[in-house]
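[1] coords please:
(one chain, ligands or ions: 1)
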Amino acid sequence: MPLTSFPPGFVWGAATAAYQVEGAAHEGGRTPSIWDTFCRIPGKVRGGDTGDVATDHYHRFREDVRLMSDIGLGAYRFSVSWPRVQPTGRGPASQRGLDFYRRLVDDLLAHGIQPVLTLYHWDLPQELESAGGWPERGTAQRFADYAHLVGEALGDRVGSWTTLNEPWCSAFLGYAAGVHAPGRTDDAAALRAAHHLSLAHGLGAQALRAVLPRRARISVVLNPNDVRALTGSAADLDARRRIDALSTRIFTGPMLRGAYPDDLLADTAGITDWSFVRDGDLDVIKHPLDWLGINYYTPSVVSAATDNRPSPGPSAYPGAGGVVFHQPPGPRTAMDWTVDPSGLHELLTRFAHEAPGLPLAVSENGAAYDDGRPDGRGVVHDPERIAYLRGHLAAVLRALEDGVDVWGYFVWSLLDNFEWAYGYSKRFGIVYVDYGSLARTPKSSARWYGEVIRTGRLPAAG
Ligand code: FCB
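    Sure, this is the predicted structure:
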């Protein structure tokens, strides 16, 4: 009998990130992050959009918590803005900055919504980037100090903690492909950044453990790539292996096993000798986790190049020059991402095997569609998003049925928001945001999700 309902106690949430929703970029002593800087480089962000105002969650968080409560959410995954709580990236905390998160968390708790706090969702204080950023080892120590400050301030009321969100994006979109802040295109720097992000995770987890109550649960959120070979040829399988190493095992190797994969070191030997990895680093990085967050949107399909044409520009995969990416078959979202829930099932079962006993959460999953404005009755119809969520929740149910320990699911996103290099052009929210008035309107997917939460089941399609 296939499982038809989610287990009692399954946690239903929604996620956001500070720079994407808060706005109030110049308030309360906040200083610029690398994203404030990046948005001002012409051509980097669609339409020249910035996170200056975003959804104004900083001022409207009470309304947003009420919306969460109306939907019936049990948890809210949000991130803390580093330059808001430690404006120069060093030294003492800003109490004004911390107060915003104290108020937010207290309001969540008052509504029975569990706060799930991410320390780093890509907004490095600009001062730290000016001092070298993630390619510099010192940034990892700065992160540990920051983790300590936030842990000390909020540890009494936040039970679930995440060090980093998707360090792959920070390292490789930020320092290799240059499509995310800080926009650098230096392969060796990107590999150094990846290591220092992992080190930051380990040092940050240690710092949190030292200040948090025993019951607090510490995690990291990754975006493992469900990568498939175009054909079963040896060359295509090798292309798959390379991308798996450069996108997933580069983090799960040190974090879960305390070692970098040999094939990764060999594939990147022409770029770096990895001498920035110091004795003891891997032990720090392998800090015990209480859960692992998996963000999933779409799978990848790769093959080996059949000619020797150089790649068209900076790549997010240093050391994988001979790999070609293909659009996987199937319907696509407004991001042009293929909808394929089997990738989520694949990743959940993979990590259940690779990290036995480690509870998993789907920490982000969702889709952008070109939703219309609210109609005359104030309704935003988003049947495609409902279909996307239904398909992926069914994949989670299959994983649960297979015995995978998944404790929760967080839809990306609660609100339409600033989608990084795409600016405000891509709407991921289950709640519509009018960027003129900043009015919020729950979409039909919010109502549908509420029903799933209330019943613990996926309603029949139709
Ligand atoms: C993830 C990010 C999140 C959001 C979604 C669409 O990679 O973590 O901030 O932009 O993609």
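[2] residues contacting the closest residue in space to Ala25 that isn't next to it in sequence?
    Once flanking residues are discounted, Ala25 sits nearest to Asp52: 4.5 Å by C-beta to C-beta, 6 or more residues apart in numbering. C-betas here are computed from N, CA, C, even on glycine. Neighbour list for Asp52: 23, 25-26, 36 [criterion: C-beta atoms under 8 Å, 6 or more residues apart in numbering].
[3] again, but for Ala181
    By C-beta under 8 Å, 6+ apart, the contact set of Ala181 is 33-35, 37-38, 122, 124, 129, 174.
[4] now it, what's its secondary structure?
    At Ala181 the chain is in coil, as set by DSSP: H, G, I helix; E, B strand; the rest coil.
[5] any idea how far it is from the ligand?
    12 Å (C-beta to the nearest ligand atom, to the nearest Å).
[6] rewinding a little: now, among the contacts of Ala181, which is nearest to the ligand?
    The ligand lies nearest to Trp122 out of the contacts of Ala181, by C-beta to the nearest ligand atom, at 7.3 Å.
[7] For the closest one, give me its contacts.
    Contacts for Trp122 were tallied using C-beta under 8 Å, 6+ apart; they are 17, 19, 34-35, 165-166, 169-170, 174, 180-181.
[8] Narrow those to those in helices?
    19, 34-35, 174 (DSSP state H).
[9] Mind putting the residues you listed into a markdown table with pLDDT, distance to Gly450 and neighbour count?
    Below are these laid out as a markdown table (pLDDT from 0 to 100; distance: C-beta to C-beta, whole Å; neighbours: other C-beta atoms under 10 Å):
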| residue | pLDDT | distance to Gly450 | neighbour count |
| --- | --- | --- | --- |
| Tyr19 | 99 | 27 | 27 |
| Ile34 | 99 | 36 | 25 |
| Trp35 | 99 | 32 | 28 |
| Gly174 | 98 | 36 | 31 |
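[10] Of all pairs in the residues you listed, which one is the farthest apart?
    The most widely separated members of the ones in helices among the contacts of Trp122, counting by C-beta to C-beta, are Tyr19 and Gly174 (13.1 Å).
[11] mind checking how far the closest residue to the ligand within the stretch 151-300 of the chain is from Gln86?
    Distances between the stretch 151-300 of the chain and the ligand by C-beta to the nearest ligand atom are smallest at Glu166, namely 4.9 Å. Going from Glu166 to Gln86 by C-beta to C-beta, to the nearest Å gives 21 Å.
[12] for Phe10, same thing?
    Distance from Phe10 to Gln86, counting by C-beta to C-beta: 35 Å.
[13] Also Tyr76?
    In terms of C-beta to C-beta, Tyr76 sits 22 Å off from Gln86.
[14] any weak-confidence spans in this protein?
    Within the chain, the set of residues satisfying pLDDT under 70 comprises 1, 310-311, 462.
[15] Can you pull the residues of it lying near the ligand?
    Residues of the chain found near the ligand (C-beta under 6 Å from any ligand atom) are 17, 20, 165-166, 169, 223, 295, 364, 412, 419-420, 428.
[16] Quickly find the element holding Val221.
    Using DSSP states H and E, Val221 maps to strand 217-222.
[17] cool, and His148?
    Per DSSP H and E: His148 is located in helix 138-154.
[18] chain center to that helix: distance?
    The chain centre lies 19 Å from the centre of helix 138-154; the measure is C-alpha atoms, centre = their mean, to the nearest Å.
[19] which helices and strands sit right next to it?
    Judged by 3 or more C-beta pairs under 8 Å, 6 or more residues apart in numbering; DSSP states H and E, helix 138-154 is in contact with helix 82-85, helix 95-110, strand 114-120, strand 160-165, helix 187-211.
[20] Give the buried residues for that helix.
    Judged by neighbour count (16 or more other C-beta atoms under 10 Å), helix 138-154 contains these buried residues: 139-154.
[21] For Pro299, give me its contacts.
    Each residue near Pro299 by C-beta under 8 Å, 6+ apart is listed here: 225-228, 328, 338, 340, 342-343, 346.
[22] Arg137 too?
    Contacts of Arg137 by C-beta under 8 Å, 6+ apart are 196, 199, 276.
[23] do the same with Ala210
    Ala210 makes contact with 148, 151 under the criterion C-beta under 8 Å, 6+ apart.
[24] rewinding a little: including distance to Leu289, could the contacts of Arg137 go into TSV?
    As requested, the contacts of Arg137 are arranged in TSV below (distance: C-beta to C-beta, whole Å):
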residue	distance to Leu289
His196	19
Leu199	15
Phe276	23
